[in-house]
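1. just to be clear, the model below is a prediction. Sequence and coordinates:
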Amino acid sequence: MKKRLLRALLLSGAGILLLQHTASAQLSFTGQLRTRTELRDGQGTLPTSDTKASVFTSQRTRLNLSYSTDRYRFFISGQDVRVWGADQSTISNLEGGKLFLHQAWGEVILSDSSSIKVDHLSIKAGRQEIMYDDSRLLGNLDWLQQARRHDAVVLKFSHKGWVADAGFAFNQNHGKDTPGKSGNIYQSIPAVPVAPGTNGIGMQYKSMQYGYVARTGSFGKLSMLVFKDDFQKTETVEGTTTFKEGVNSRVTIGGALFANLSGNLSLNAAAYYQGNNDRLGHSLDAYNLTMDAAYTSGKFTINPGFDFLSGNNTSKQSKVNHRFDPLYGTPHKFWGFLDYFYVADAFGMEGNPTRSPGLVDYFIRNKYKTSDKLLLTLDLHEFYAANSLAPSEALPHLKPSGRRFGTEIDFVVNYSIFKNVSLEAGYATIFATDNLKLVKAPAAAKEDRGQWAYLMLSITPDFLAKNDGK
């Protein structure tokens, strides 16, 4: 299967190059090779006293093919993601091969008609990235080498500054009946040890529906989102989880404002509420508030702000879950590059996400663009729990004190070597309190500091461009 897909992509690329002079206006053929060498000594969670730092290189290789007409668009993106050396051989890819379709969608344009007089109306179906606003709740998580995508249908509308989209997805394990079971029961927890998503979600949604409306004008942009994701009901008996008929539905609703106050001052604010039921069927009552301002003076931009994500009372078990889940966005962009919060691993008392105290993040992001080629960024985060912390039975020597988790510093240098070739280097470190040790798995003695460094090379060729790279 993987060999056939790779062969098809290569043949497609060769065919495109042959057709370049006759159909270049309709065709696009681009690629990406991105290698990232990382030093991890407490990335994702605080290291323990016997943890050894690791160094490895991961690579994403991607080919993108697009074909457009007045009536429809077609796009396919195949990628291979692997860690150098994971094949355990120079001639076999049985161990580490990760070749798969990242995107494959078609878009039928309905507004190309005299009877439909709007700027754009289309239906987009297939495997696709879904991104809105600042990617807080819906984003492609491009920092992750695999990136995020959905199998969905999206109805897209835009006209005179208004945008309105409606999206739908319905997931199944296969296209055949299962003896003795309903064909609509979705086995949404992977059989292999692969996280189905960020935020410690543990399972993929069975279905989802959303509506998005935005208005753009001289003031900036105002948007509203209603998102419902449905999870197959489960039952756990003596550690064994089975799937049942029906779904638990989670509803997220809210809006965001991106305001241009002047030529060099902007203000962003958002508020979202999450209700109905969580994925396990518990009542849900959670919210997220955020606000930040950005001021640019010459080559320098300062961007202070705060995030508040509600959480649970960690002292006693509640029948209502108050933990806000930031859905399918890009956590790496918002809550520190060390990815301690709302990423794949659990964030809660003794690593239990149902006992998550929530998060308050006070931040200052700084950018300095020295030239068209060089950009420096320095982000400072001060993290707190949104609720008080209870003592831990697993770590009795740690005594909660206040709500402060610690201070994180993220520094990144991005240099454009020339067109379509860039080099990026980063370093992040956190100075933790005992409170942070209580909410990060595993429940073991941890160090006070974690750190992470990386060096990333990105080459993004446009194979049909006559002056690519110049």
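-> Looks like it arrived, so ask away.
2. which helices and strands does the lengthiest strand in the chain pack with?
-> When every strand of the chain is counted residue by residue (DSSP state E), the longest turns out to be strand 240-260. Where contact means 3 or more Cβ pairs under 8 Å, 6 or more residues apart in numbering; DSSP states H and E, strand 240-260 is packed against strand 220-237, strand 265-277. Heads up, the C-betas are built off the backbone N, CA and C, glycines and all.
3. now do the first one: distance to the chain's middle.
-> How far strand 220-237 lies from its chain's middle: 15 Å, per Cα atoms, centre = their mean, to the nearest Å.
4. pull out the buried positions in that strand.
-> When neighbours are counted by 16 or more other Cβ atoms under 10 Å, the buried residues of strand 220-237 are found to be 221, 223, 225, 227-234.
5. what does stretch 244-253 give?
-> 247-252.
6. residue 109 contacts residue 68, correct?
-> No - between residue 109 and residue 68 there is no contact, the gap being 9.2 Å when judged by Cβ atoms under 8 Å.
7. how about a markdown table for the helices and strands packed on strand 240-260, with distance to residue 293 and mean pLDDT added?
-> Formatted as a markdown table, the helices and strands packed on strand 240-260 follow (distance: least, Cβ to Cβ, whole Å; pLDDT from 0 to 100):
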| stretch | distance to residue 293 | mean pLDDT |
| --- | --- | --- |
| strand 220-237 | 13 | 94 |
| strand 265-277 | 5 | 98 |
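8. for residue 439, find the nearest of those strands.
-> With Cβ to Cβ as the criterion, residue 439 lies closest to strand 265-277 of the helices and strands packed on strand 240-260, at 20.0 Å.
9. quick one: list the elements packing against that closest one.
-> Using 3+ Cβ pairs under 8 Å, 6+ apart as the contact criterion, the elements in contact with strand 265-277 are strand 240-260, strand 283-297.
10. least reliable of the ones you listed by average pLDDT, please.
-> Ranked by mean pLDDT, the helices and strands packed on strand 265-277 bottom out at strand 240-260, with a mean of 94.
11. direction included, what does that one pair against?
-> strand 220-237 (antiparallel), strand 265-277 (antiparallel) (DSSP bridges).
12. can I get those strands in CSV with distance to residue 407?
-> What follows is these, written out as CSV (distance: least, Cβ to Cβ, whole Å):
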stretch, distance to residue 407
strand 220-237, 31
strand 265-277, 23
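13. of those strands, which is nearest residue 368?
-> Of all the strands paired with strand 240-260, strand 265-277 sits nearest to residue 368, with 17.6 Å by Cβ to Cβ.
14. please identify the buried residues of stretch 304-320?
-> Within stretch 304-320, the residues that count as buried by 16+ other Cβ under 10 Å are 305, 307-312, 314.
15. which of the residues you listed fall in strands?
-> 305, 307-309.
16. quick check: beta-bridge partners of the residue nearest to residue 241 when sequence neighbours are not counted?
-> Excluding the flanking residues, the one nearest residue 241 by Cβ to Cβ, 6 or more residues apart in numbering is residue 234, at 5.3 Å. Under DSSP bridges, the beta-bridge partners of residue 234 are residue 243.
17. kindly report the same for residue 432.
-> Beta bridges link residue 432 to residue 406 when assigned by DSSP bridges.
18. state the distance from it to residue 315.
-> With the distance defined as Cβ to Cβ, to the nearest Å, residue 432 ends up 22 Å from residue 315.
19. number of residues surrounding residue 262?
-> Counted with other Cβ atoms under 10 Å, the neighbours of residue 262 add up to 8.
20. what separates it from residue 295, distance-wise?
-> Computed as Cβ to Cβ, the residue 262 to residue 295 distance reads 9 Å.
21. look at residue 109 and residue 68 and report which has more neighbours.
-> When neighbours are counted by other Cβ under 10 Å, residue 109 comes out ahead of the other of residue 109 and residue 68, with 19 against 15.
22. tell me how far that one lies from residue 261.
-> Taking Cβ to Cβ as the criterion, residue 109 is separated from residue 261 by 36 Å.
23. with residue 427 instead?
-> According to Cβ to Cβ, residue 427 and residue 261 sit 33 Å apart.
24. now residue 340
-> Residue 340 sits 32 Å away from residue 261, taking Cβ to Cβ as the criterion.
25. so these two - more neighbours on which side?
-> Between residue 340 and residue 261, counted using other Cβ under 10 Å, residue 340 has the larger neighbour count: 28 against 13.
26. the more buried one contacts residue 42, correct?
-> No - between residue 340 and residue 42 there is no contact, the gap being 9.2 Å when judged by Cβ under 8 Å.
27. what do these two both touch?
-> 430, 450 (Cβ atoms under 8 Å, 6 or more residues apart in numbering).
28. residues in contact with residue 281?
-> Counting by Cβ under 8 Å, 6+ apart, residue 281 touches 233, 248.
29. again, only this time at 10 Å
-> Residue 281 is in contact with 231, 233-235, 246-249, 321, counting by Cβ atoms under 10 Å, 6 or more residues apart in numbering.
30. against residue 353, how distant is it?
-> Between residue 281 and residue 353 the distance is 15 Å, computed by Cβ to Cβ.
31. so what's residue 383 bridging to?
-> Legend: beta-bridge partners of residue 383 under DSSP bridges are residue 361, residue 406.
32. that one - how many residues pack around it?
-> Applying other Cβ under 10 Å, we find 25 other residues in the vicinity of residue 383.
33. just checking, it touches residue 409?
-> No - under the criterion of Cβ atoms under 10 Å, residue 383 is not in contact with residue 409, lying 12.0 Å apart.
34. common neighbours of these two, please.
-> Listed as contacting both residue 383 and residue 409 by Cβ under 10 Å, 6+ apart are 336, 430.
35. check what pLDDT residue 4 gets.
-> 52.
36. do the same with residue 181
-> 53.
37. which regions of the stretch 101-250 of the chain sit below the pLDDT cut-off?
-> Judged against pLDDT under 70, the low-scoring parts of the stretch 101-250 of the chain cover residues 113-114, 176-183, 191-194.
38. all strands of it, in order?
-> Listed in chain order, the strands of the stretch 101-250 of the chain (DSSP state E, counting those that start in this stretch) span 120-128, 150-159, 162-170, 207-217, 220-237, 240-260.
39. okay, the last one in CSV with CA atoms only?
-> Right, strand 240-260. Output of strand 240-260 as CSV, limited to C-alpha atoms (Å, rounded to 0.1, in the frame of the first residue of the first chain):
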residue,chain,number,x,y,z
THR,A,240,-11.5,-3.6,30.4
THR,A,241,-13.2,-1.0,28.2
THR,A,242,-16.0,-1.9,25.8
PHE,A,243,-18.0,0.3,23.4
LYS,A,244,-21.8,0.6,23.6
GLU,A,245,-24.6,2.0,21.5
GLY,A,246,-25.0,5.8,21.5
VAL,A,247,-22.7,8.8,21.9
ASN,A,248,-21.8,11.4,24.5
SER,A,249,-22.0,14.8,23.0
ARG,A,250,-19.8,17.8,23.9
VAL,A,251,-20.8,21.3,22.8
THR,A,252,-18.4,24.3,22.5
ILE,A,253,-19.7,27.8,21.7
GLY,A,254,-18.1,31.2,21.8
GLY,A,255,-16.5,34.0,19.8
ALA,A,256,-13.3,35.9,19.2
LEU,A,257,-12.4,39.5,18.4
PHE,A,258,-9.3,40.6,16.5
ALA,A,259,-9.4,44.4,16.6
ASN,A,260,-7.1,46.9,14.8
